[in-house]
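Undergrad: take a look and give me a structure for this.
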Amino acid sequence: MAWTRLFKRLRFFARYEHFIKLDILSQTPDECLKWQSYVEKKMKDLCDMLFNDFREQILELRIHPKPFTREETRDTLNHEWTYCESYFIGLKLSRSEKKPLDLRSTVQKFALMLDINRYNKQDSNCRVMHYLREQLDPVSSTGSDNQAGCNAMHCTASSQSWEERF
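TA: This next block holds a predicted model:
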């Protein structure tokens, strides 16, 4: 019984109501590899910061294990960048919390931490945005998770609650 539950496929986008989308942007293949590796390592720091800052409000937080390409997200915001990989962090919030959750200050601290250690500022960047589940449209025709346990998502740019770009 326990093993069955452990290996049950997670329907990531159906499980969470709130999402943080990190677009990792770069101009050259070499910079893409370096910058993406660095941001991937630091995403755990963002999760830790969110849990520390919003301990009472956040019940669960998970990083989607694989990035999405520009084609999978149908990205139109980052057309000036040659390379764009997007990661999603799913958030499950406490229902008892009545006031809106403002993640901006935590995300700004994270953005500053990334910016300080950015190798090549003209060839790399990161965009961080918040979306609700209904602002994400499944790209796949069935709208269900594919074999990898995820589905490609299109984010409607006009529906962003907030955005950090540096």
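Undergrad: per-residue confidence for Met1?
TA: We have a pLDDT of 54 for Met1.
Undergrad: Arg15 now?
TA: pLDDT for Arg15: 89.
Undergrad: could you find the closest non-adjacent residue to it?
TA: Spatial nearest neighbour of Arg15, chain neighbours left out: Gly90 (6.3 Å); criterion: C-beta to C-beta, 6 or more residues apart in numbering. All C-beta spots, glycine's among them, are computed from the backbone N, C-alpha and C.
Undergrad: check Val39 too.
TA: Ile24 (5.0 Å).
Undergrad: got it, and Phe110?
TA: Closest to Phe110 by C-beta to C-beta, 6+ apart is Leu46, at 4.6 Å.
Undergrad: thinking again about what came up before, where does the residue nearest to Arg15 fall, secondary structure wise?
TA: strand 83-93 (DSSP states H and E).
Undergrad: related to what we said a few turns ago, could you pull up phi and psi at the residue nearest to Phe110?
TA: Phi and psi for Leu46, reported as degrees, to the nearest 10, are phi -60, psi -40.
Undergrad: what about it, how many neighbours?
TA: 24 (other C-beta atoms under 10 Å).
Undergrad: same check on Leu59?
TA: 11.
Undergrad: check the gap between it and Ile89 for me.
TA: Look at Leu59 and Ile89: by C-beta to C-beta, to the nearest Å, they are 14 Å apart.
Undergrad: where does this protein dip in pLDDT?
TA: Filtered on pLDDT under 70, the chain yields the residue ranges 1, 5-6, 8, 97-98, 119-120, 137-166.
Undergrad: rerun at 50
TA: Within the chain, the stretches with pLDDT under 50 are 139-166.
Undergrad: need the contact list for the closest residue to Lys92 other than its chain neighbours.
TA: Leaving aside its sequence neighbours, Lys92 sits nearest to Glu60 (C-beta to C-beta, 6+ apart; 3.9 Å). Listed by C-beta atoms under 8 Å, 6 or more residues apart in numbering, the contact set of Glu60 reads 16, 90-92.
Undergrad: from the residues you listed, pick the one nearest Ile116.
TA: Leu91 (25.3 Å; C-beta to C-beta).
Undergrad: which non-adjacent residue is nearest the closest one?
TA: Distances taken as C-beta to C-beta, 6+ apart place His18 nearest to Leu91, at 4.1 Å, with adjacent residues excluded.
Undergrad: count the neighbours of that neighbour for me.
TA: Neighbours of His18 (other C-beta under 10 Å): 19.
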